[in-house]
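*Asks:* generate a structure from the sequence data that follows.
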Amino acid sequence: MTVSNRTPDESRTPDESSPPGRRAAPLAFSLTRDEWERLVLTLDDGTKHSGVQVVRGFPLSDPDRSISVLDAAGKELLYFDSLRELPDSCQAVVREELARREFLPVITRVLNDPPDSEPTEWVVETDRGRTTFVLESEDDVHRNDRNQVTIVDSNGIRYLIPDPRRLDRASRRVLDRFL
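*Replies:* As a prediction, the model looks like this:
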């Protein structure tokens, strides 16, 4: 799928309303998906960035404003003050990507004891039901500032453990091996 906001005879002009230090979205860019379904950003100068992420600045209080496109390392490439700045086709791709990113099942229990060798298969109970996923590496298990744990499976789906202390003893033991 390719989405572009290019129109004939447009040239890129800086957006003076962008916050300082941010690169406003150029007038000509495209968003595509590669053969692995990763999002690819192509800028008007032909530069391609594969595996980009679209993130909201304020997902709860102002979800349609302050949207950033980040490269695979998390560096901001583009900034949109509002989704309404984009053509409808681009808005659709950005909204789809945001929905994918914000799908975040909460793990309530680990049902198996994965081996110590990688990759490992996890069977878990979530707030959305039972599921099985593959964890490529212990590097895909992250503890954040608020003691929450995020796990990213081999398909890029993120799972949340809001408070590992609330897990049952067996689940905590499994999790502790990977932290």
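
*Asks:* three-state assignment of the closest residue to Phe58 other than its chain neighbours?
*Replies:* Of all residues not flanking Phe58 in the chain, Ser66 sits nearest, at 5.7 Å (Cβ to Cβ, 6 or more residues apart in numbering). (Each C-beta comes from the backbone N, C-alpha and C, glycine too.) Counting by DSSP: H, G, I helix; E, B strand; the rest coil, the backbone at Ser66 sits in strand.

*Asks:* quick one: contacts for Ser66?
*Replies:* By Cβ atoms under 8 Å, 6 or more residues apart in numbering, Ser66 lies in contact with Arg56, Gly57, Phe58, Tyr79, Phe80, Asp81.

*Asks:* wasn't Asp176 part of a strand?
*Replies:* No: with three-state DSSP as the criterion, Asp176 is helix rather than part of a strand.

*Asks:* is the nearest residue to Ala170 once chain neighbours are set aside bridged to anything, and to what?
*Replies:* Once flanking residues are discounted, Ala170 sits nearest to Val110: 7.0 Å by Cβ to Cβ, 6+ apart. Under DSSP bridges, the beta-bridge partners of Val110 are Val124.

*Asks:* give me the number of residues near Val110?
*Replies:* 21 (other Cβ atoms under 10 Å).

*Asks:* from Leu167, how far off is it?
*Replies:* 7 Å (Cβ to Cβ, to the nearest Å).

*Asks:* common neighbours of the two, please.
*Replies:* Leu175.

*Asks:* from the chain's centroid, how far away is the helix or strand harbouring Asp81?
*Replies:* Assessed by DSSP states H and E, Asp81 sits inside strand 76-82. Relative to its chain's centre, strand 76-82 lies at 15 Å (Cα atoms, centre = their mean, to the nearest Å).

*Asks:* for stretch 30-49, measure first residue to last.
*Replies:* Terminal residues of stretch 30-49 lie 11 Å apart, using Cα to Cα, to the nearest Å.

*Asks:* from here on, call the first residue 6.
*Replies:* With the count now opening at 6, the last piece we talked about shows up as stretch 35-54.

*Asks:* average pLDDT across that stretch?
*Replies:* Mean pLDDT, stretch 35-54: 87.
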